[in-house]
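1. Got a sequence here, can you build the structure:
(chains A and B)
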Amino acid sequence: MKETWQVIFSGVGGQGLMLAGTLLGSAATGYEGKNAVMTSAYGVESRGTFAKSDCIVSTQEIDYLEVMAADAVIALAPVAYQKYVDSLGEDTLLIYDDAIETLPSKARQLAFPIAKIAKDVGNISSSNIVALGILVKITALVKEHSVVKAIIEEFWGKEKLINLNLEAFKAGLAISGSK
Amino acid sequence: MKQIIFGMGNEAITEGALAAGARFYAGYPITPSSEIAELSSIRLPRLGGMYVQMEDEIGSIAAIIGASVAGVKSYTATSGPGFSLMQENLGVAVMGEIPCVIINVQRSGPSTGLATKPAQGDVMQAQWGTHGDHGIIALSPSSVQECYDLTVRAFNLAERYRTPVILLADEIVGHMREGYQIRELLPHDIIDRKKPTCPPRDYQPYDFSGEEDEIAPLAPYGSEYITRINGSGHDESGDACGRPDNAAKFNSHYLNKFRINQKDIIETKSFDLDDAEYAIITFGCSVRSSKAALKLARQKGIKAGLLQLVTIWPFPKEQVREVCSRVKGVVVPEMNLGQILGEVSKTNPGQIPIVGVNRVDGQMITPYEILARLEEVAK
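-> From the prediction side, this is the model:
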């Protein structure tokens, strides 16, 4: 079992990149006794420009807070995909929306219809949670039911949002089996 | 309640304030501190407290001074531009010896700077931003757990020593998420200000004679005691007084009260210093990069250790001097151009190399930058 996972959720502001990182960290720390740290970077605009969150999950103490060598990058927008695609090595998993034009990369590239699945589930804004489902299924960096608990906790008291996000997460888990 | 919360530093700061007994917040939201205002506005009314959104930061600090004098533990949160506006009234809190907590989640400056980017550039401002000789207390967290713990401590120190306390956080620790615990506080974990026991007619709000810690009791406004807050030089009663002996006594007191109580105020943490030949001395978010650098250096055979300055002001001179006296070189990483480096150098003039690792581009210092500096010093 891998000791430390370094994950980047990237896209544009408003896509729920911080929420995806928060749910992953909450699953790891709150329900599995692991350590996790999340940092984020974004512009002064509230929406529409490049944004990312770095989430590190580890069974060890985490010193430095930012991802130094990503094990997985999730890219939900072309600007994010293009930022990382060149620089990743063959040990990195690059999960991205299949509407983004694929470029050559050393990374292990996996395109999924993330936005389309989110739309089918009920809301395109749950793309982040679909992507989280894909990541968790492929890497097993946390247990699926830990994320389910984290989602229920995050949206406690908001039945509709809990259901939408659980559906999105499950759809992500299901689609990842196709690769 | 779940044991471990995956929470943001700014949330942990707010939880710490509430746990310490704070029930009044006045502020003007500013990135990267706004979550403290947001969460305080939700939580305080439910606890019987009060949240006031002010017209600006000048009003914010004035309001928390007023609320504190009325007997309620009070706080505000801001960042560089707002902290600059608070400096005049910060002096009022120093002069009036008013307990209060000012949280400065530092961002890149000067002026508006890079509003969303981190920095550690307000170290000197925390001590010297308001004019005149005086001491101050500033604490700097490096993790979300420390955000909680040090906020509790900030209120305790403010109450015990009748002083404003600055929690000098930064955008990185304020906005990062990490697992932390809302530690249960027992009654003895919470310190409240000394109150007078003398007959009301004998009460002098600035008379610290007979107090071993040089801290006079403080009675709340609205009680049978009369408390006067005066920004002008004043005597024991709070009445304006221009006598040279009185001015000398009180101006020295604003510094001395921290000196004589420094054992209680100053906190540092040591990592791998016992056998260290080289030391990293740092604070806040740069502690995290330094801890990683420490491990890299040890792997390369460099015997490095780390001194974390939890208390920044009063500066931990004795602890820094002790470390400097037994190592061959010191590296001081900080997201400014050498503010702590200067203080470290003062403790140890010309004996060993003391060098900085500095960034002012809004980016966190990486462990490899610190390692490279350690390797240079260890050559």
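2. what kind of secondary structure is the closest residue to chain B within chain A in?
-> Chain B sits closest to A:T29 of chain A, with a gap of 3.4 Å, by CB to the nearest CB. C-betas here are computed from N, CA, C, even on glycine. Here A:T29 is recorded as helix under DSSP: H, G, I helix; E, B strand; the rest coil.
3. That one against A:A36, yeah?
-> Yes. Assessed by CB atoms under 8 Å, A:T29 is found in contact with A:A36 at 4.9 Å.
4. Report how many residues lie close to the nearest residue to the residue of chain A closest to chain B once chain neighbours are set aside.
-> Once flanking residues are discounted, A:T29 sits nearest to B:G179: 3.4 Å by CB to CB, 6 or more residues apart in numbering or on different chains. Neighbourhood size, B:G179 [other CB atoms under 10 Å in any protein chain shown]: 23.
5. Could you do B:E211 as well?
-> Using other CB under 10 Å, B:E211 has 12 other residues around it.
6. That one: what's it in contact with?
-> Contact analysis of B:E211 by CB atoms under 8 Å, 6 or more residues apart in numbering or on different chains lists B:K194.
7. Wasn't B:T116 part of a strand?
-> Yes. Membership of B:T116 in a strand is supported by three-state DSSP.
8. where's it relative to B:S79, distance?
-> According to CB to CB, to the nearest Å, B:T116 and B:S79 sit 10 Å apart.
9. what's the answer for B:A276, then?
-> Using CB to CB, B:A276 is found at 35 Å from B:S79.
10. Tell me which of the two has more neighbours.
-> In this view B:A276 and B:S79 are compared by other CB under 10 Å, and B:S79 has more residues nearby, 29 against 23.
11. so what's the more buried one up against?
-> Taking CB under 8 Å, 6+ apart, we find B:S79 in contact with B:30-33, B:104-107, B:171.
12. next one: the longest helix along chain A to chain centre, how far?
-> Ordering each helix of chain A by length in residues (DSSP state H) puts helix A:159-176 first. Averaging C-alpha positions (CA atoms, centre = their mean, to the nearest Å) puts helix A:159-176 13 Å from its chain's average.
13. so what secondary structure elements neighbour that helix?
-> Secondary-structure packing of helix A:159-176 (3 or more CB pairs under 8 Å, 6 or more residues apart in numbering or on different chains; DSSP states H and E): helix A:114-121, helix A:127-139, helix A:144-154.
14. For the spatially most central residue of chain A, list the residues it contacts.
-> In chain A, the centroid-proximal residue (CA atoms, centre = their mean) is A:L132; its distance is 4.2 Å. Counting by CB under 8 Å, 6+ apart, A:L132 touches A:20, A:23-24, A:74, A:147, A:169, A:172.
15. for chain B, what are the nearby residues on chain A?
-> A:21-22, A:25-26, A:28-30, A:33, A:35-40, A:42-44, A:62-66, A:68, A:153 (CB under 8 Å from any CB of the partner chain).
16. Inside helices: which ones of those?
-> Of these, the ones assigned to helices by DSSP H are A:21-22, A:25-26, A:28-30, A:153.
17. which SS class is the residue of the stretch 51-200 of chain B found nearest chain A?
-> Proximity of the stretch 51-200 of chain B to chain A (CB to the nearest CB) peaks at B:G179, 3.4 Å away. Recorded secondary structure, B:G179: strand (three-state DSSP).
18. pLDDT value on it, please?
-> On the pLDDT scale, B:G179 is placed at 97.
19. likewise A:Y42?
-> Per-residue pLDDT puts A:Y42 at 76.
20. for the one 4 residues further on, same thing?
-> As summarised for this prediction, A:S46 has a pLDDT of 63.
21. got a list of what residue 32 touches?
-> Let's take chain A. Counting by CB under 8 Å, 6+ apart, A:E32 has contacts A:142-143, A:146.
22. wrong one, I was asking about chain B
-> Going by CB under 8 Å, 6+ apart, B:P32 touches B:10, B:79, B:105, B:107, B:115-116, B:118, B:171, B:174-175.
23. Tell me the confidence at the closest residue to B:V320 other than its chain neighbours?
-> Spatial nearest neighbour of B:V320, chain neighbours left out: B:T347 (4.9 Å); criterion: CB to CB, 6+ apart. Model confidence at B:T347, given as pLDDT, is 92.
24. If you tally nearby residues, what's the number for B:T347?
-> Neighbour tally, B:T347, other CB under 10 Å: 21.
25. Helix or strand: which one has the most far-flung residue of chain A relative to its centre?
-> Each residue of chain A has a distance to the centre, and by CA atoms, centre = their mean the biggest one is for A:G157: 23.9 Å. For A:G157, there is no enclosing helix or strand under DSSP states H and E.
26. What residues does the stretch 51-200 of chain B have near chain A?
-> Residues of the stretch 51-200 of chain B lying close to chain A (CB under 8 Å from any CB) are B:115-116, B:172, B:175-179.
27. now, which of those sits nearest B:P333?
-> Closest approach between those and B:P333, by CB to CB: B:I172, at 13.0 Å.
28. How many residues are close by A:A69?
-> Neighbour count of A:A69, defined by other CB under 10 Å: 9.
29. I meant to write B:E334 there.
-> Using other CB under 10 Å, B:E334 has 25 other residues around it.
30. That one reaches B:S289, doesn't it?
-> No. Between B:E334 and B:S289 there is no contact under CB under 8 Å: 10.4 Å.
31. which residues are in contact with both of those two?
-> Common contact partners of B:E334 and B:S289 (CB under 8 Å, 6+ apart): B:I365.
32. In ChimeraX, how would I select the buried members of the contacts of A:E32?
-> If you want just the buried ones from the contacts of A:E32 in ChimeraX, going by 16 or more other CB atoms under 10 Å in any protein chain shown, the selection is:
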select /A:142,146
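33. Per-residue pLDDT of the closest residue to B:P196 other than its chain neighbours, please?
-> Nearest non-adjacent residue to B:P196, counting by CB to CB, 6+ apart: B:P217, 4.2 Å away. pLDDT, B:P217: 98.
34. what number of residues lie near B:P217?
-> By other CB under 10 Å, neighbour count at B:P217 equals 19.
35. returning to that earlier point: ok, of the residues of chain A next to chain B, which come out buried?
-> The buried subset of the residues of chain A next to chain B - by 16+ other CB under 10 Å - is A:21-22, A:25-26, A:28-30, A:35-40, A:42, A:62-66, A:153.
36. any common contacting residues for A:T29 and A:A36?
-> Counting by CB under 8 Å, 6+ apart, the contacts common to A:T29 and A:A36 are B:6, B:178-179.
37. just those residues now: which is nearest B:I354?
-> Once CB to CB is applied, the member of the shared contacts of A:T29 and A:A36 that ends up nearest B:I354 is B:E178, at 30.8 Å.
38. Same list (the contacts of B:P32) but as a markdown table, adding pLDDT.
-> Below are the contacts of B:P32 laid out as a markdown table (pLDDT from 0 to 100):
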| residue | pLDDT |
| --- | --- |
| B:N10 | 98 |
| B:S79 | 98 |
| B:V105 | 98 |
| B:R107 | 97 |
| B:A115 | 91 |
| B:T116 | 89 |
| B:P118 | 95 |
| B:E171 | 97 |
| B:G174 | 98 |
| B:H175 | 96 |
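39. and the two most separated of those?
-> Greatest spatial distance among the contacts of B:P32 (CB to CB): B:N10 and B:A115, at 15.3 Å.
40. Please say which of those two ends up with more neighbours.
-> Each of B:N10 and B:A115 has its neighbours counted (other CB under 10 Å); B:N10 has more, 27 against 18.
41. what sits against the spatially closest residue to the more buried one that is not a sequence neighbour?
-> Spatially, and ignoring its direct neighbours in sequence, B:N10 is nearest to B:E35 (3.8 Å; CB to CB, 6+ apart). Each residue near B:E35 by CB under 8 Å, 6+ apart is listed here: B:8, B:10-11, B:14, B:174-175.
42. Make sure B:E35 is indeed in a strand.
-> No. Secondary structure of B:E35 (three-state DSSP): helix, not part of a strand.
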